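# Give me a model of this one.
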Amino acid sequence: MKNDSVAAGGRRPWWLGLAILIMGALWLNGARGIASTTNYVGLGPAAIVLAVGLVLVLLGFLLIVQALKGQLASSAEDEEEEASFSRPAFLMALAGVGVPLLTICWLGFPFSAMLAFTLVTHAFGSRRTMLDLGIGALIASLAWLGFSRLGISLGPFFPLLG
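Numbering: from 1, shown residues only. Predicted structure coming up:
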């Protein structure tokens, strides 16, 4: 879809695509430095880093092409009224990222992830605390169980129990 209105000042944001392309190249370079040990599924620890790097390079390239053609992606956000920055929501999402750093040693992975999930959902506007805690507990517990079945330890389920 052709969009005549480009970024502020009438400039095309090709530099954003270039930044994403460079970020992807850095990820690909980082993947080269990871040891190539493989698990029983045939994928090593560098596989996800390599995949993310490839996707970033591809998306950066596509964004550069779109910007040079004068095309900008339209989204539902363009059709809605522009939302203002919410400092409380930002701080709550930031707390959701920081909570596991402070609590994982004594609460364990599942409970720390549950709290982080709840804080982030509240930052995005959810006010159903018990439902968010339940969903967070389910996702985190399944992740903990899945990793433990693969032989990857995320620590004890709830360290305070011993």
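
# from here on, contacts and neighbour counts on C-alpha atoms
Will do.

# Please save the CA atoms from the host helix or strand of Ala67 in CSV.
Element membership for Ala67, per DSSP states H and E: helix 46-69. Only the C-alpha atoms of helix 46-69 are listed here, as CSV (Å, rounded to 0.1, in the frame of the first residue of the first chain):
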residue,chain,number,x,y,z
ALA,A,46,23.8,-20.9,18.9
ALA,A,47,20.7,-22.0,16.9
ILE,A,48,18.3,-19.4,18.4
VAL,A,49,20.9,-16.6,18.2
LEU,A,50,21.5,-17.5,14.6
ALA,A,51,17.7,-17.6,13.8
VAL,A,52,17.2,-14.2,15.5
GLY,A,53,20.1,-12.7,13.6
LEU,A,54,18.8,-14.0,10.3
VAL,A,55,15.3,-12.7,10.9
LEU,A,56,16.7,-9.3,11.9
VAL,A,57,18.8,-9.0,8.8
LEU,A,58,15.9,-10.0,6.6
LEU,A,59,13.5,-7.5,8.3
GLY,A,60,16.1,-4.7,8.2
PHE,A,61,16.6,-5.3,4.5
LEU,A,62,12.8,-5.3,3.9
LEU,A,63,12.4,-2.1,5.9
ILE,A,64,15.2,-0.4,3.9
VAL,A,65,13.5,-1.4,0.6
GLN,A,66,10.1,-0.1,1.9
ALA,A,67,11.5,3.2,3.1
LEU,A,68,13.4,3.8,-0.2
LYS,A,69,10.2,3.1,-2.1
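
# what's it packed up against?
Packing partners of helix 46-69 (3 or more CA pairs under 8 Å, 6 or more residues apart in numbering; DSSP states H and E): helix 14-32.

# which residues in this protein form helices?
Secondary structure of the chain, counting by DSSP state H: helices at 14-32, 46-69, 76-79, 87-107, 109-123, 129-149.

# Quick check: buried residues in the second one?
Meaning helix 46-69. Under the neighbour-count criterion of 16 or more other CA atoms under 10 Å, helix 46-69 has 46, 49-50, 52-54, 56-57, 59-61, 63-64, 66-67 buried.

# Could you tell me the angle between the helix holding Ala67 and helix 14-32?
160 degrees (axes from the mean of the first three to the mean of the last three CA atoms, to 10 degrees).

# Contacts for helix 46-69, please.
The contact list for helix 46-69 (CA atoms under 8 Å, 6 or more residues apart in numbering) reads 12-28, 30-32, 34-36, 72.

# Could you rerun that using 6 Å?
By CA atoms under 6 Å, 6 or more residues apart in numbering, the residues outside helix 46-69 that reach it are Arg12, Pro13, Trp14, Gly17, Ile20, Leu21, Gly24, Trp27, Leu28, Ala31, Ile34.
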